[in-house]
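Visitor: Task: produce atomic coordinates for the following.
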Amino acid sequence: MFLKRITLLQNNIPSYSQYPFSIPSIKSMDEIILKKNVTFFVGDNGSGKTTLLEAIAEKCGFNTAGGGRNNSYEVHASVSSLGEFIRLSWMPKVTNGFFLRAESFYHFASHLDEVDDTGFRDYGGVSLHEQSHGESFLSLFLNRFKGEAIFLLDEPEAALSPQRQLSFMRIIRDLTQNEQAQFIIATHSPILLGFPDATILNFDKGEISEIGYEDTDHYQITKYFLQHRERFLAEIFSDEG
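Guide: Here you go, the predicted model:
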């Protein structure tokens, strides 16, 4: 594990009423101590998890639209609004890694088509645009993710079927066990959140706090739906709902 601590530089913040400090979880943040090689960020939409992940990517020198340190291309509104207000503490520091943004992955694939002169060696030997969305994600994970590195992933499940999410979990395990890679993943997937011995940080309730897997909304709602599907649907479709 390489990244040990994320600290909010509170004395540098000009106003807590402006974005991103208007987000309760970011406003209340002091420091986050990372304890495991795999850390998940969870929370409702707009809770701040992607905002913080993007800021970490900027401080790592990764393209905040998606990519590593050597991927230079521009996508509208890809600059982090939080990056200059956090400090990362490393032991030791690594420069290798990747930031995956599911929402802008198409632009990253187009960037590779323009600049790659190695026959897409690091991406399975085929343009990512010539693979299905799920195949292109797995090609990235299998071929580009290697060595001592930190990988920051924003909703990687967006392109992965449940079966491929399980395959991705095996990739995470192999990389963290054999090559000491570190992952920070923002996700809504109850499957990925089940990765053994990971830390789950919840961004809901106006703070960032550690939470157990079975205590997450992702687990509880999914479990209730699977066990009581007809009752659940009757409740949300009722005229009073």
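
Visitor: Identify the residues contacting stretch 150-169?
Guide: 2-3, 50, 53-54, 56-57, 60, 62, 94, 96-103, 105, 133-134, 136-138, 141, 145, 175, 181-189, 191-192, 194-195 (Cβ atoms under 8 Å, 6 or more residues apart in numbering). Yep, even glycine has a C-beta here, placed from its N, CA and C like the rest.

Visitor: Got a ChimeraX select line for the buried ones in those?
Guide: In ChimeraX, a selection of the buried entries from the contacts of stretch 150-169 looks like this (16 or more other Cβ atoms under 10 Å):
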select :2,3,50,53,54,56,57,60,62,94,96,97,98,99,100,101,102,105,134,136,137,138,141,145,175,181,182,183,184,185,186,187,188,189,191,192,194,195
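
Visitor: Looking at the contacts of stretch 150-169, which are in strands?
Guide: Residues of the contacts of stretch 150-169 located in strands (DSSP state E): 3, 97-101, 182-186.

Visitor: pLDDT below threshold where in this protein?
Guide: 69-79, 102-124, 126-134, 239-241 (pLDDT under 70).

Visitor: tell me the SS of I221?
Guide: helix (DSSP: H, G, I helix; E, B strand; the rest coil).

Visitor: So what's the residue count around it?
Guide: 12 (other Cβ atoms under 10 Å).

Visitor: Report the contact partners of it.
Guide: Per Cβ under 8 Å, 6+ apart, neighbours of I221: none.

Visitor: if I look at it, how far off is V38?
Guide: Here I221 is placed at a distance of 22 Å from V38 (Cβ to Cβ, to the nearest Å).

Visitor: can you give me the helices in this structure?
Guide: Counting by DSSP state H, the segments of the chain that form helices are 24-27, 49-60, 105-115, 133-139, 162-178, 217-227, 229-237.

Visitor: Distance of E58 relative to E84?
Guide: 8 Å.

Visitor: With L142 instead?
Guide: L142 is 34 Å from E84, by Cβ to Cβ.

Visitor: Check S47 too.
Guide: Distance from S47 to E84, by Cβ to Cβ: 21 Å.

Visitor: The two: who's more crowded?
Guide: The neighbour count for S47 versus E84, taken as other Cβ under 10 Å, is higher for S47 (22 against 11).
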